[in-house]
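> here's a sequence, model it:
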Amino acid sequence: MLIRATRNCPWNRCTFCYGGSYDRQKFQLRAVEEVKKDIDTVKELADSIHEASIASGYGGELDVPVLRHLLNNHPNLTGSPTFVTVFNWLASGGKTVFVQDADSLIMKSPELIEIVTYLKDSFPSIERGTSYARAKTASKKSVESLKTLKQAGLTRLHVGLETGDDDLLKKVKKGVTADEQIRAGRKIVSAGMELSLYIMPGLGGLDLSIEHARNTAGVLNEINPKYIRSRPFVPRLGTPMFGDYQSGTFRLLSPHSILREIGMLITDLTVTSRFCFDHMMNPSYRSKAAMIPLFDQTHEGYQLPDQKDEILRDIEKGLQIDESRFLHAENLINATL
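Residues are numbered from 1 along each chain as shown. Okay, here's the model as predicted:
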């Protein structure tokens, strides 16, 4: 279930993103009571779905036959624009909720705690509450306030680390230093929250590839997050870095160069994190008519350090495959033009 506590991104300056995911709309903090009304709307719809299942003789079950029956016989209920979303969430167990948008942690802690608590009270089935957060924001929070948030039900934070290299952080206008990222990460981990950090192989291009890999590994080693998630860089139309790519001032890494960069990072890691390649932008190659992911793309990924050698073997395998068979960043760029 998605609940919007804030709107858009409070930063919007990163040159690789530039707020494009939110159409560069102005950031807004939503009032707590307004968010509670959204939760109440979902609660009312959820209760109505459950009651309709019982009244229709399905005993509260929520599966495909029930969905078909409700769609065919309860137009007042199924006419809601969020009916299918709420039905599917309930059918899956109603165990997870994501508090949006890009940096909900920027809310005053008591207000965010009130929202998360209200969510848990409204839906006792929720087992995991998740949100995005900026490292800059998290670095300013106390461990105590983060612990209280975790106790209220916000148990996992997703943070865009992107790189641990200070020069590259400045270059892409991330608005945070490596030290601030370390401080933020350590606070989140100390609070008992699950921390999922996103990194961007290729973000430094050819010029900063080595520094990007080595210093990112250094920051990750200082934090030791629960998850490290790889999201290789692809220039996005409408961003400053896309302009750099078009002008030739930014030189993309080739598929083999991306693999070598990932290999440097993996080699340097001393963490006990799970390393995840759970996105289609990660290296994949053509085999006959199909694209084959080089790495395991499950959300849980590889357990480090136990499976470090397995990742390095996959990289060596990839380096033996002709680059012409790999999905190139240019292919993904051209697909969006």
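
> to what extent is Gly57 buried, counted in neighbours?
For Gly57, the tally of surrounding residues (other Cβ atoms under 10 Å) stands at 9. For the C-beta atoms, the positions are set from N, CA and C on the backbone; glycine is no exception.

> does it count as helix, strand or coil?
With DSSP: H, G, I helix; E, B strand; the rest coil as the basis, Gly57 sits in coil.

> residues contacting it?
Listed by Cβ atoms under 8 Å, 6 or more residues apart in numbering, Gly57 has no contact partners.

> give me the number of residues near Asn173?
No Asn there; residue 173 is Lys. Based on other Cβ under 10 Å, the number of other residues close to Lys173 is 15.

> and the top strand by length along the chain, how far out from the chain middle?
Using DSSP state E, we find that the single longest strand of the chain is strand 154-162. Between the centre of strand 154-162 and the centre of its chain there are 7 Å (Cα atoms, centre = their mean, to the nearest Å).

> list the contacts of it.
Contacts of strand 154-162 (Cβ under 8 Å, 6+ apart): 14, 16, 99, 105, 112, 116, 128-135, 138, 169, 172, 174, 181, 184-185, 188, 193-200, 203, 216, 219-220, 226.

> give me the buried subset of those.
Buried members of those, scored by 16 or more other Cβ atoms under 10 Å, are 14, 16, 99, 105, 112, 116, 129-135, 138, 169, 172, 174, 181, 184-185, 188, 193-200, 203, 216, 219-220, 226.

> where along the stretch 1-150 of the chain do the helices fall?
All helices of the stretch 1-150 of the chain, identified by DSSP state H, counting those that start in this stretch, fall at 32-55, 64-73, 75-78, 83-91, 109-122, 135-139, 143-152.

> which strands and helices sit next to the longest one?
When contacts are defined as 3 or more Cβ pairs under 8 Å, 6 or more residues apart in numbering; DSSP states H and E, helix 32-55 sits against strand 2-4, helix 64-73, helix 75-78, helix 83-91, helix 109-122.

> go with 10 Å
strand 2-4, helix 64-73, helix 75-78, helix 83-91, strand 96-100, helix 109-122 (3 or more Cβ pairs under 10 Å, 6 or more residues apart in numbering; DSSP states H and E).

> if you compare these, which one is most tucked away?
strand 96-100 (a mean of 20; mean count of other Cβ atoms under 10 Å).

> walk me through which strands that strand pairs with, and which way each runs.
strand 2-4 (parallel), strand 128-133 (parallel) (DSSP bridges).

> what's whatever helix or strand Phe275 lives in in contact with?
Using DSSP states H and E, Phe275 maps to strand 274-276. For strand 274-276, the external contacting residues (Cβ atoms under 10 Å, 6 or more residues apart in numbering) are 196, 198-199, 220, 225-231, 262, 265-266, 269, 282, 295-304, 307-308, 311.

> and these, which are buried?
196, 198-199, 220, 225-231, 262, 265-266, 269, 282, 295-296, 301-302, 304, 307-308, 311.

> so how far is the first residue of stretch 79-86 from its last?
End-to-end distance for stretch 79-86: 12 Å, by Cα to Cα, to the nearest Å.

> so which residues make contact with it?
1-2, 38, 41-46, 48-49, 67, 70-71, 74, 77-78, 87, 89, 94.

> now do stretch 322-337
Against stretch 322-337 from outside (Cβ under 10 Å, 6+ apart): 202, 232-238, 242, 245-246, 252-259, 280-287, 291-294, 318.

> identify each buried residue in it, please.
So for stretch 322-337, counting by 16+ other Cβ under 10 Å, buried means Phe326, Leu327, His328, Ala329, Ile333.

> want to throw those into a markdown table with pLDDT and distance to Glu34?
Shown next, in a markdown table, are these (pLDDT from 0 to 100; distance: Cβ to Cβ, whole Å):
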| residue | pLDDT | distance to Glu34 |
| --- | --- | --- |
| Phe326 | 95 | 47 |
| Leu327 | 91 | 43 |
| His328 | 90 | 45 |
| Ala329 | 89 | 41 |
| Ile333 | 84 | 39 |
